[in-house]
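K.L.:
heads up, no residue letters with this:
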């Protein structure tokens, strides 16, 4: 049983959804990104997604693109991402890397998997890698005991949902809106339907991402999902902050609000 499996055993026993928080490594600096992750976990995030900054983030909205651009301009490299994972895992929260596939290939798939496992990482979220084309990653993840978190979307066919869920481990990442990432005033109405379709083909946990920005929205998603995934709203805390301490406090407060949201809802 992996650390992610253990997390969902615990949250299901507590009859609540898990809270997943995303922040890019190296934004706005390597040191501050580590402090921000620590603040996020202190606020109640159960599982951390460490973003690997990429120069062509086609699926990311303007908030995460801006953060990734700052991280890249600061010189963030893949080895720095691994260092951030190590620090995040030290908090006790299962930690995964969210990355486009090209940086992993350039680094070396086996080398990346070995480094991630050595740092205490729990797995990898690969938004642009589908199971059909993931044989090398599947083999490496099995060798190093890492979870494979693949994405599904409202446009996925039932056959695609079943195949993706079968190949995934840890949880299945359901993108509840069509389009790029970003906080929204309302959560997507497509989320419950997509999760219901997944429930027909798998009993693996389902995490829902894209759009959640506050505790009330987290409560809505927690009513039908096993995990509520928040990214842009947390990143925005740092982008909008007047200084470092204000940004860290904003992240901590938002995480607390989101955690209260997932705990107010009894998932079924």
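P.N.:
Done, it's in. Keep in mind that this is a model prediction, so the values were computed, not measured.

K.L.:
Run through the stretch 1-150 of the chain and note the low-pLDDT ranges.
P.N.:
Residues of the stretch 1-150 of the chain meeting the criterion pLDDT under 70: 56-60.

K.L.:
can you give me the helices in it?
P.N.:
Secondary structure of the stretch 1-150 of the chain (DSSP state H, counting those that start in this stretch): helices at 3-13, 30-43, 62-73, 78-89, 101-107, 109-118, 135-144.

K.L.:
Which of those helices sits closest to residue 127?
P.N.:
Residue 127 lies closest, by C-beta to C-beta, to one member of the helices of the stretch 1-150 of the chain: helix 101-107, at 8.6 Å. C-beta: built from backbone N, CA, C; applies to glycine.

K.L.:
picking that back up, mean neighbour count and distance to residue 167 for the helices of the stretch 1-150 of the chain - can I get that in TSV?
P.N.:
Putting the helices of the stretch 1-150 of the chain into TSV (neighbours: other C-beta atoms under 10 Å; distance: least, C-beta to C-beta, whole Å) gives the following:
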stretch	mean neighbour count	distance to residue 167
helix 3-13	17	15
helix 30-43	21	28
helix 62-73	19	25
helix 78-89	22	23
helix 101-107	16	15
helix 109-118	18	16
helix 135-144	16	7
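
K.L.:
Including distance to residue 53, could those go into a markdown table?
P.N.:
Rendered in a markdown table, the data for the helices of the stretch 1-150 of the chain read as follows (distance: least, C-beta to C-beta, whole Å):
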| stretch | distance to residue 53 |
| --- | --- |
| helix 3-13 | 23 |
| helix 30-43 | 10 |
| helix 62-73 | 4 |
| helix 78-89 | 8 |
| helix 101-107 | 9 |
| helix 109-118 | 15 |
| helix 135-144 | 20 |
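
K.L.:
Could you work out which of these reaches nearest to residue 236?
P.N.:
Between residue 236 and these, the shortest gap by C-beta to C-beta is with helix 62-73, which sits at 5.5 Å.

K.L.:
who does that closest one touch, helix- and strand-wise?
P.N.:
The contact analysis (3 or more C-beta pairs under 8 Å, 6 or more residues apart in numbering; DSSP states H and E) places helix 62-73 against strand 18-24, strand 47-51, helix 232-239.

K.L.:
again, 10 Å this time
P.N.:
Counting contacts by 3 or more C-beta pairs under 10 Å, 6 or more residues apart in numbering; DSSP states H and E, helix 62-73 packs against strand 18-24, helix 30-43, strand 47-51, helix 232-239.

K.L.:
Tabulate these in CSV, adding columns for distance to residue 213.
P.N.:
What follows is these, written out as CSV (distance: least, C-beta to C-beta, whole Å):
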stretch, distance to residue 213
strand 18-24, 12
helix 30-43, 15
strand 47-51, 16
helix 232-239, 4
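
K.L.:
any idea how far residue 251 is from residue 142?
P.N.:
With distances defined as C-beta to C-beta, to the nearest Å, the gap from residue 142 to residue 251 amounts to 34 Å.

K.L.:
meant to ask about residue 174
P.N.:
Distance, residue 174 to residue 251, by C-beta to C-beta: 24 Å.

K.L.:
same check, this time on residue 35
P.N.:
Using C-beta to C-beta, residue 35 is found at 9 Å from residue 251.

K.L.:
for residue 168, same thing?
P.N.:
With C-beta to C-beta as the criterion, residue 168 and residue 251 are 28 Å apart.

K.L.:
between those two, who's got more neighbours?
P.N.:
Remark: of residue 168 and residue 251, residue 251 carries more neighbours, 28 against 22, as counted by other C-beta atoms under 10 Å.

K.L.:
Can you tell me which residue is spatially central in the chain?
P.N.:
Here the mean C-alpha position of the chain is nearest to the C-alpha of residue 49 (C-alpha atoms, centre = their mean), at a distance of 3.9 Å.

K.L.:
Identify the residues contacting that residue.
P.N.:
The neighbourhood of residue 49, defined by C-beta atoms under 10 Å, 6 or more residues apart in numbering, consists of 20-24, 37, 88, 95-99, 125, 149, 173, 207, 209, 229-231, 234.

K.L.:
mind running it again at 7 Å?
P.N.:
When the contact criterion is C-beta atoms under 7 Å, 6 or more residues apart in numbering, the partners of residue 49 are 20, 21, 22, 96, 98, 125.
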